[in-house]
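S.K.: Fold the stuff below for me.
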Amino acid sequence: MSFLTNALTLIGILFWCLAFYHWWVETYSSQLDILILVILGVIFYAPAVFLTKKLKKNEQKEEQQLKKKIKQTSNSSKPNQTNNEIAKGLAEMTSLEDFLDEFMEENQENFYPFEDLVRETHLAKWTPRASEIGLGFGFHAEDENTIYVSINMSLEDFDTGEPISYEDIEILNPEEAEEEVLMDLFFERMEDAISEEFYNIAENGWKSLEFPKEIADAILMTDDAKYEYYGTRIYWNDEQYTFGK
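M.R.: Coordinates of the predicted model:
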């Protein structure tokens, strides 16, 4: 499929180059001829873009399915264990970081619908590019007794793959805040919203997403919690956001 997308892309660009040539050099060319070349370029280039996105999505899905199959094979001797039972055993046998990594690996697919929820319910209030922004969530060990959540928002140029800074996108102002604090407010509100969503999941679960007792107790700060909960850290393109800079 990569050969097909490359071919369609090259053909589309070729038509656009011909259109530019006729417009810039062959000044006697009619506007209709130029328009036809532009349209032909779009006809070939648009499917290439669609196929590229589809190919990337399929690759990600296949990778997750492969990981899931490997994990299912390794746990085949315990087919009736619940996530909480598996998590409890892992917590006893491994370090906190390993326990959290294991939980995230086994539940990655359960986070995908949650990412859509965050985009549509919270992120869309703050930027018109919400649907383009990637979201990643993770549980990490601050130390052997403390858990924190990472929230990573990412955006890159589709054609070049270059990361796009949050300073280069439009940020809406639903709270009519002062311009100098708007960016801090955006990141703060996203942290607050996701923290609240995680609290609700810890308390009640959400669809197929449930937190093991060790994580849920930490977030809910129950009296018998095994671990402490530090809170959240928010990132943009894998770099932690610094408030008040």
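S.K.: So for residue 128, what's the nearest residue that isn't a sequence neighbour?
M.R.: When the adjacent residues along the chain are set aside, residue 128 lies closest to residue 170, with 5.9 Å between them (C-beta to C-beta, 6 or more residues apart in numbering). All C-beta spots, glycine's among them, are computed from the backbone N, C-alpha and C.
S.K.: how about the one you found, secondary structure?
M.R.: Going by DSSP: H, G, I helix; E, B strand; the rest coil, the secondary structure assigned to residue 170 is coil.
S.K.: which ones are touching it?
M.R.: When the contact criterion is C-beta atoms under 8 Å, 6 or more residues apart in numbering, the partners of residue 170 are 127-129.
S.K.: out of those residues, which are buried?
M.R.: Buried residues within these, counting neighbours by 16 or more other C-beta atoms under 10 Å: residue 127.
S.K.: Nearest to residue 195 among the contacts of residue 170?
M.R.: When the contacts of residue 170 are compared for distance to residue 195, the smallest value, 19.4 Å, is given by residue 127; criterion: C-beta to C-beta.
S.K.: Over to the closest one: give its phi and psi.
M.R.: The phi and psi torsions at residue 127 (degrees, to the nearest 10) take the values phi -150, psi 140.
S.K.: Let me see the ranges of the strands in the chain.
M.R.: 134-143, 146-154, 228-236, 239-240 (DSSP state E).
S.K.: So which of these has the densest surroundings on average?
M.R.: strand 146-154 (a mean of 19; mean count of other C-beta atoms under 10 Å).
S.K.: That one versus strand 134-143: what angle between them?
M.R.: Computed with axes from the mean of the first three to the mean of the last three C-alpha atoms, to 10 degrees, the direction of strand 146-154 lies at 160 degrees from that of strand 134-143.
S.K.: Tell me which other helices or strands strand 146-154 touches.
M.R.: Strand 146-154 is packed against strand 134-143, helix 182-204, helix 213-220, strand 228-236, with contacts defined by 3 or more C-beta pairs under 8 Å, 6 or more residues apart in numbering; DSSP states H and E.
S.K.: Could I get the buried residue list for the shortest one?
M.R.: The neighbour-count criterion (16+ other C-beta under 10 Å) identifies 213-219 as the buried residues of helix 213-220.
S.K.: next one: the second one
M.R.: When burial is assessed from 16+ other C-beta under 10 Å, helix 182-204 yields the following buried residues: 183, 185-187, 189-191, 193-195, 197-198, 201-202.
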